[in-house]
Each structure stands twice: as structure tokens, then as C-alpha cells.
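Asks: Provided below for reference: sequence and predicted model.
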Amino acid sequence: YFSRRRAGGEEGRLLYLKDWHLPAEFPEQRAYTTPPPFRDDWLNRHCDRRRREAARGKEAREEEASLRTADYRFVYLGVKGTWTGLHADVLRSYSWSANVCGRKRWLLLPPGLTHLVLDANGDAAPSLDGGDGGGRWPGLREARRRAVALEQGTGDALFVPSGWWHQVENLEDTLSVNHNWFNGYNARWAWWLLREDLRRAVAGIEDCRALCASDADFAALALENLRLNSGMDLLELGELLADAVAADWQLLEGCEEEDAAGGADGVGDGGDDGGGDDGDEDDGDVLGTRGQLWHPLAHAPGLLRLQCRLHAAEVAAILGDMLRLLGELFPRAPPEALPGLQRLRRARSKVDRLKLNA
């Protein structure tokens, strides 16, 4: 396609390769290294762990193939004029985008102005450019006026905070790497999104409640709809958060041991190569690709301990909110019958123990 386009063909035919899981599909390539500020990534660490568990459990080949690319590390390749429409990122995660070559034009809108790009049904406008859809999005003109515009050049990396709406146009033929990610600082954004999505899922099938054999069956149906619509359910998010706090605590203990021993070479320079763990090592979720401990605060155990305490408190609060929401939405379901409720309670207990150990 690029060769024909350079030769003058493919006129008017703009192709854009999006959401390509390059590092997951070709881990042996070690295509790139994640920039240090973006490596404290609970979301993709969770995806890597699921992939390892699938490989160890010898699950069905189709399931393994699905999990192999079930992460949030992407490569984008598009010609001049290709673009991505207005959106806020999956699970209201952070994202970072680095241009290998080319230029992009970004328009960004902070979450406090979300109402300007939604219609009466809560659907977002496809773009900040153009008209208001015949009055469907009356706030678009104000949104365009207040949007942040910037150009991203070759070698530039851009950080997009949680909840920021954005649209992106390639001003030249462009190759970029993009990750979605969250950690203890923005995990509450993911919880807020799933909370509202679950409320909508319940409201959407409320007329089916009487048709279900029990309230527990109705809850299972609503939670499955949440998973299908949002890409994650409450149980998976809760276990992800609890496991991430435990993994960071394991990292802290390793760093403090190294600090007490006077510091050992290699601690802190492991790093994420973009492809996650390849499944050949059973080295835990906090280790880098060479089996070395890595974290932005690995060389400052005192600050890392403070962060672990803050994140444990935040995750414990989120898990408590999850349990209360399930009780509110499914009051007639016996707790032992709710899908995954006991596992969610165990996750909460696990985090509470870590808080006490702090």
C-alpha cells in the first residue's frame, strides 16, 4: 500500500492500521522500551499475568490466542490525513503516545467539559470539527473554543490524563506507539466508569428481573453484560487492584532488603520492553524482563513505602465501594450466591492486611 501510494496510486484511499498488538504478537523482536515515567503500569501487568496463567494452565488454544493479544499496548501506522475520532480512553485510563516518525495534530478537552460533547442520550460527538449535528450537540462550538490544540513531532511523547477527550489527525505518514495504563493514582477513574456502566447495565435489563430464577441469576446476567460492554467486570478490576498492591509491597520488601545490604547492581533497571513477560520465567509481576526489580521509586524505598500505603488505602476504599454497590443493586441475592463476591471479599481482606503491615 505504501509503495503504491508513493508511486502515485491509491489516490483518495486512506488506510490506517490501529490498535496493532505488535509487542504481544512478536515478543522476540523487543521492538521498543517503555519510557521510564510510564512503566508503573498495573493494567498491562495484569494482562501479562493472565497470559502466563493461561500458558501454565494449558487452556484451549483459542483462549491462549485471545489472551496473547489481550493487552493495551498498541502500534499505529497511518498515512497523512488518517485520524482517530473524538473519544475518552478505555477504562478512563491514562495513555501515552510516542511518535517514531511523522507528525500528529491533537485536540484535547478536559473531563470537566465532557457535557459539551455529549447529546441528550449521553452519546459523544464523532469530532470537534464540523457542525453540531443539526443541533444534536449544541455545546460543540464552545468545546472547540476551549480545546487544547498541539502538534506532536517525531520523537515526541505525549501523556494524556484520565478522562481527557481527544481526537488525533496524522499530518504526515506517521508511526506511533501507544499504551493505555493505570495504577494507584488513577484506578478510581476505572472504578467510577464501571460503577456507572453497571448501573446502566442493570437498568437496561430491569424488565428481565422477574424472568430470572433468582436475584443471583439476574446479577450474573447484569455483570456479564458489564464485562461484554466495558471489557472488564467488577471482580476482575477488584482482583487486579488487590494483586497490584500486593505486588508493589513485594517490590518494596525487595528494595528495602537491597538498601539494607548497601545496594546491589541491577536493582531498578529492569524495565518493560513493551511486550510484557514472555512466560518463560516465573519471576513474579514486579520483575523486569531480566528478572530485576524495577519501579520509578525503586531507588527511594522511603517514598515507595509511602506510595504503597497510599495505594493500599485507596484500593481498600474502592473494594469497599464495590461490595456496597453489589448490595445496593442486588439486595435480595444471598451474598454467597453473587458471582465472585467471596473472591472480592478475599481481595479486600488481602489489602486490609497489607494496610496493617504498613
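Replies: Received the coordinates, thanks. Numbering: from 1, shown residues only.

Asks: packing partners of the helix or strand that contains L223?
Replies: Assigned by DSSP states H and E, L223 belongs to helix 215-230. Contact here means 3 or more C-beta pairs under 8 Å, 6 or more residues apart in numbering; DSSP states H and E; on that basis helix 215-230 packs against helix 187-204, helix 234-260, helix 301-329. No exception for glycine: its C-beta is placed from N, CA and C like everyone else's.

Asks: most tightly packed of those?
Replies: Across the helices and strands packed on helix 215-230, the average number of neighbours (mean count of other C-beta atoms under 10 Å) peaks for helix 234-260, which reaches a mean of 21.

Asks: where does the chain dip in pLDDT?
Replies: Within the chain, the stretches with pLDDT under 70 are 57-69, 259, 262-294, 339, 356-358.

Asks: what segments of it are helices?
Replies: Along the chain, counting by DSSP state H, helices occupy 2-6, 22-25, 42-56, 61-68, 140-146, 187-204, 215-230, 234-260, 301-329, 341-357.

Asks: can you redo those as CSV with distance to L91?
Replies: Below are the helices of the chain laid out as CSV (distance: least, C-beta to C-beta, whole Å):
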stretch, distance to L91
helix 2-6, 33
helix 22-25, 18
helix 42-56, 7
helix 61-68, 18
helix 140-146, 23
helix 187-204, 4
helix 215-230, 8
helix 234-260, 8
helix 301-329, 13
helix 341-357, 18
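
Asks: in the helix holding L223, which residues are buried?
Replies: 215-223, 225-227, 230 (16 or more other C-beta atoms under 10 Å).

Asks: stretch 169-186 too?
Replies: Neighbour-count burial for stretch 169-186 [16+ other C-beta under 10 Å]: 169-170, 173-184, 186.

Asks: count of neighbours near P23?
Replies: 25 (other C-beta atoms under 10 Å).

Asks: from S176, how far out is it?
Replies: Counting by C-beta to C-beta, to the nearest Å, the gap from P23 to S176 is 14 Å.

Asks: list residues touching both of those two?
Replies: Common contacts of P23 and S176 (C-beta atoms under 8 Å, 6 or more residues apart in numbering): V75.

Asks: and the nearest residue to R305 once chain neighbours are set aside, how far from L319?
Replies: If the residues on either side of it in the chain are set aside, R305 comes closest to L252, at 5.8 Å by C-beta to C-beta, 6 or more residues apart in numbering. Distance, L252 to L319, using C-beta to C-beta: 20 Å.

Asks: tell me the contacts of L235?
Replies: Counting by C-beta under 8 Å, 6+ apart, L235 touches L223, P339, G340, R343, L344.

Asks: quick check: the farthest pair among those?
Replies: Distance extremes for those: the farthest pair is L223 and R343 at 12.5 Å, using C-beta to C-beta.
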